[in-house]
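Undergrad: coords below, sequence missing:
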């Protein structure tokens, strides 16, 4: 009898406690809804003088170095009447009037599976390209466009009124749309080098494919690891050295986890990669795929995401935009040769440590409350341009010129000194107002 009474009292107490907790939960005010982003994507062209931002109904273009609005919002969705949707991706072909646009509608022209070429001057679409899966990445350079879905990339050549497919390859899961494309034009006559260089994830986790496509179709193909054309099996029979004038695809084992961001230098000779872990950035040369340097961003892998990476116009610096410490920008000097450590016997961990560099400049933007953002250097490497997805933009001026900082960090013998991640420095910034898109 006593045991049953105790059970009843315990059940009654539990019911009252549960009801009280439920009442407290219902009486609390609901969490404030996050406002929709002003920009859905931010794309920087190869010459680093234009930033194309996808808005709700179209796109807006900013001009560097002043960060003023060159093109007010073009409401391209109004050209194809349909319910809802936004422009999720927008990219500009150099400084021309041609744009690539991807929307989010379920039907019509501006769907998430369709890339729409848009003529800004004529306000019309000359052609479109459809994929089986949603498009998550776009890059344009000179006469080619690179399109990335979650498990595939395709390269198309831009003709007068249509696009011709040149390449399509499978990739590892790529929800971030990691890819990059640059056009290289050097020399004249027989020494003229005109080619497109692309980089994107391979079908293997953490691996990157680097593709070079010359403009001259008669140049031969070269596959990494291919056999020599000579029938001789002697050790002296080797494949000829790879040339930048040839078509080649190479695979680079860059990271152990998924690739998040890929950036190519304007000359196409360097590629920077980072994984979703976000602690280090690795630098490779694109002709043979050799690792030149490893840059340390942070040791905090739990609270750091790398938003974007941009090379300077001359390729001497790499700007990394991260979420570390509430938003930070790290600038690294980009050498073209690996360090001479004289540790050929050492393990890979030791060689990675001695081949690692810290930032030559770090700016923390926590007080600015910009949220996710993209940052790039002016053509003279004297100021940084910051544009956030929340619509804020600003100029950030380092206290010490970057060239002076690099010279002061040179160690005896001509190699860069190994340094830990930089400590926070105050940012001298000038805010530039950004007009919100129409319709928001």
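TA: Looks like it arrived, so ask away. No experiment lies behind these values; they were computed from the predicted model shown.
Undergrad: where exactly do the strands run in the stretch 51-200 of the chain?
TA: Secondary structure of the stretch 51-200 of the chain, counting by DSSP state E, counting those that start in this stretch: strands at 59-63, 68-74, 87-92, 98-103, 114-119, 124-130, 135-141, 144-149, 152-158, 163-170, 180-186, 193-201.
Undergrad: Dump the ones you listed to TSV, plus mean neighbour count and distance to residue 370.
TA: Backbone N, C-alpha and C define where each C-beta goes, glycine included. Formatted as TSV, the strands of the stretch 51-200 of the chain follow (neighbours: other Cβ atoms under 10 Å; distance: least, Cβ to Cβ, whole Å):
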stretch	mean neighbour count	distance to residue 370
strand 59-63	22	15
strand 68-74	17	18
strand 87-92	25	20
strand 98-103	25	25
strand 114-119	21	28
strand 124-130	15	33
strand 135-141	24	23
strand 144-149	24	26
strand 152-158	21	30
strand 163-170	14	35
strand 180-186	20	23
strand 193-201	23	27
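Undergrad: got the ones you listed as JSON lines, with mean pLDDT and distance to residue 395 columns?
TA: Output for these, formatted as JSON lines (pLDDT from 0 to 100; distance: least, Cβ to Cβ, whole Å):
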{"stretch": "strand 59-63", "mean pLDDT": "92", "distance to residue 395": "12"}
{"stretch": "strand 68-74", "mean pLDDT": "82", "distance to residue 395": "11"}
{"stretch": "strand 87-92", "mean pLDDT": "94", "distance to residue 395": "21"}
{"stretch": "strand 98-103", "mean pLDDT": "94", "distance to residue 395": "25"}
{"stretch": "strand 114-119", "mean pLDDT": "93", "distance to residue 395": "29"}
{"stretch": "strand 124-130", "mean pLDDT": "91", "distance to residue 395": "35"}
{"stretch": "strand 135-141", "mean pLDDT": "95", "distance to residue 395": "26"}
{"stretch": "strand 144-149", "mean pLDDT": "96", "distance to residue 395": "30"}
{"stretch": "strand 152-158", "mean pLDDT": "94", "distance to residue 395": "33"}
{"stretch": "strand 163-170", "mean pLDDT": "92", "distance to residue 395": "37"}
{"stretch": "strand 180-186", "mean pLDDT": "91", "distance to residue 395": "25"}
{"stretch": "strand 193-201", "mean pLDDT": "92", "distance to residue 395": "29"}
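Undergrad: what's near enough to touch residue 322?
TA: Contacts for residue 322 (Cβ atoms under 8 Å, 6 or more residues apart in numbering) come out as 278, 297, 298, 304, 305, 306, 307, 328, 329, 330.
Undergrad: Columns distance to residue 210 on top of the strands of the stretch 51-200 of the chain, output as JSON lines?
TA: JSON lines is the format used below for those (distance: least, Cβ to Cβ, whole Å):
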{"stretch": "strand 59-63", "distance to residue 210": "29"}
{"stretch": "strand 68-74", "distance to residue 210": "32"}
{"stretch": "strand 87-92", "distance to residue 210": "20"}
{"stretch": "strand 98-103", "distance to residue 210": "22"}
{"stretch": "strand 114-119", "distance to residue 210": "23"}
{"stretch": "strand 124-130", "distance to residue 210": "23"}
{"stretch": "strand 135-141", "distance to residue 210": "14"}
{"stretch": "strand 144-149", "distance to residue 210": "12"}
{"stretch": "strand 152-158", "distance to residue 210": "12"}
{"stretch": "strand 163-170", "distance to residue 210": "12"}
{"stretch": "strand 180-186", "distance to residue 210": "10"}
{"stretch": "strand 193-201", "distance to residue 210": "5"}
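Undergrad: can you pull the buried residues of stretch 273-288?
TA: Neighbour counts over stretch 273-288 (16 or more other Cβ atoms under 10 Å) mark 273-287 as buried.
Undergrad: Quickly note the distance from residue 149 to residue 143.
TA: Per Cβ to Cβ, to the nearest Å, residue 149 is found 22 Å from residue 143.
Undergrad: Sorry, wrong one. I was asking about residue 100.
TA: From residue 100 to residue 143 the distance is 13 Å (Cβ to Cβ).
Undergrad: what do you get for residue 161?
TA: In terms of Cβ to Cβ, residue 161 sits 14 Å off from residue 143.
Undergrad: Which one's more surrounded, the two?
TA: Neighbour totals were compared for residue 161 and residue 143, and residue 143 leads with 15 against 8 (other Cβ atoms under 10 Å).
Undergrad: ok, back up a step: which of the contacts of residue 322 has the most neighbours?
TA: That'd be residue 330 among the contacts of residue 322, by other Cβ under 10 Å, with 27 neighbours.
Undergrad: so what's it up against?
TA: Neighbours of residue 330 in contact, by Cβ under 8 Å, 6+ apart: 295, 297, 319, 320, 322, 359, 361, 362, 421, 422.
Undergrad: Surely it is within a strand?
TA: Yes: under DSSP: H, G, I helix; E, B strand; the rest coil, residue 330 falls within a strand.
Undergrad: Which two among the contacts of residue 330 are spaced furthest apart?
TA: 319 and 421 (15.4 Å; Cβ to Cβ).
Undergrad: picking that back up, filter the contacts of residue 330 down to the buried ones and express that as a PyMOL selection.
TA: A single PyMOL command selects the buried members of the contacts of residue 330 (16+ other Cβ under 10 Å):
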select buried, resi 295+297+319+320+322+359+361+362+421+422
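Undergrad: Please convert the contacts of residue 330 to JSON lines, extending it with distance to residue 183, secondary structure and pLDDT.
TA: Shown next, in JSON lines, are those (distance: Cβ to Cβ, whole Å; DSSP: H, G, I helix; E, B strand; the rest coil; pLDDT from 0 to 100):
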{"residue": "295", "distance to residue 183": "26", "secondary structure": "strand", "pLDDT": "94"}
{"residue": "297", "distance to residue 183": "29", "secondary structure": "coil", "pLDDT": "90"}
{"residue": "319", "distance to residue 183": "21", "secondary structure": "strand", "pLDDT": "95"}
{"residue": "320", "distance to residue 183": "23", "secondary structure": "strand", "pLDDT": "95"}
{"residue": "322", "distance to residue 183": "28", "secondary structure": "strand", "pLDDT": "92"}
{"residue": "359", "distance to residue 183": "29", "secondary structure": "coil", "pLDDT": "86"}
{"residue": "361", "distance to residue 183": "28", "secondary structure": "strand", "pLDDT": "88"}
{"residue": "362", "distance to residue 183": "31", "secondary structure": "strand", "pLDDT": "88"}
{"residue": "421", "distance to residue 183": "34", "secondary structure": "coil", "pLDDT": "40"}
{"residue": "422", "distance to residue 183": "33", "secondary structure": "coil", "pLDDT": "41"}
